[in-house]
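J.: next come a sequence and a model predicted from it.
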Amino acid sequence: RPGAPGAQPRPQQRRFRGRLEVFGPFETGPQVDLAYLLPDNLGLRVRLRLPLAITRFMTPGKMEAARAVELWQEPELAHSEVAVVCTVRRALLGSGAFAVWKCMELGGVFRCFPGIDESSRGAVFASAYPLRQ
């Protein structure tokens, strides 16, 4: 019963709204520090990592395949390249490589360039961080 001696206070929900501005790529996910008091005046602090993927801030590469290859070979862009090799289960290959590649575009964040890598079964995907002007 609320108000009875030794009764636990009712849990309360609090909602906070914030704004996140990203000015460039980041290596770790953003985090939030919260500090609050419990009903018995015990202070607590908690650090939460936000489940925010950098792909939320990326835009598909608007370029032709030849330009994607040129950029891929630029020495000054070599440090920003991310390479991932995915092994696809046989069950997924039944619908063809195009269906698998479409899924790997992450809802249009990446642009698929099939046939420009060494493997006939592979594809190159390109995306970019929007630059602040």
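T.: That came through fine.

J.: any stretches of the chain with poor pLDDT?
T.: Residue ranges of the chain with pLDDT under 70: 1-9, 22-29, 52-54, 61, 80-82, 95, 119-121, 129-133.

J.: could you pull out the strands for this protein?
T.: 31-37, 43-49, 59-60, 111-114, 123-128 (DSSP state E).

J.: put together TSV for those strands, with distance to R14 on each row.
T.: For glycine as for every other residue, the C-beta is placed from the backbone atoms N, C-alpha and C. Compiled in TSV, these are given as follows (distance: least, Cβ to Cβ, whole Å):
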stretch	distance to R14
strand 31-37	8
strand 43-49	13
strand 59-60	34
strand 111-114	41
strand 123-128	36
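
J.: redo these as a markdown table? Include mean neighbour count.
T.: Output for the strands of the chain, formatted as a markdown table (neighbours: other Cβ atoms under 10 Å):
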| stretch | mean neighbour count |
| --- | --- |
| strand 31-37 | 10 |
| strand 43-49 | 9 |
| strand 59-60 | 15 |
| strand 111-114 | 18 |
| strand 123-128 | 18 |
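
J.: for those strands, which one sits closest to R89?
T.: Closest approach to R89 among the strands of the chain (Cβ to Cβ): strand 123-128, 16.9 Å.

J.: direction included, what does that closest one pair against?
T.: When pairing is defined by DSSP bridges, strand 123-128 lines up against strand 59-60 (antiparallel), strand 111-114 (antiparallel).

J.: any chance of CSV for those strands, columns distance to P30?
T.: Output for the strands paired with strand 123-128, formatted as CSV (distance: least, Cβ to Cβ, whole Å):
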stretch, distance to P30
strand 59-60, 19
strand 111-114, 26
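
J.: relative to W72, which of the ones you listed is closest?
T.: Nearest of the strands paired with strand 123-128 (Cβ to Cβ): strand 111-114, 9.4 Å.

J.: got the CA coordinates for that closest one in PDB?
T.: The C-alpha trace of strand 111-114 is given here as PDB (Å, rounded to 0.1, in the frame of the first residue of the first chain):
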ATOM      1  CA  ARG A 111      25.400   2.700 -53.100                       C
ATOM      2  CA  CYS A 112      26.200  -0.600 -54.600                       C
ATOM      3  CA  PHE A 113      28.800  -1.000 -57.400                       C
ATOM      4  CA  PRO A 114      28.800  -4.600 -58.500                       C
END
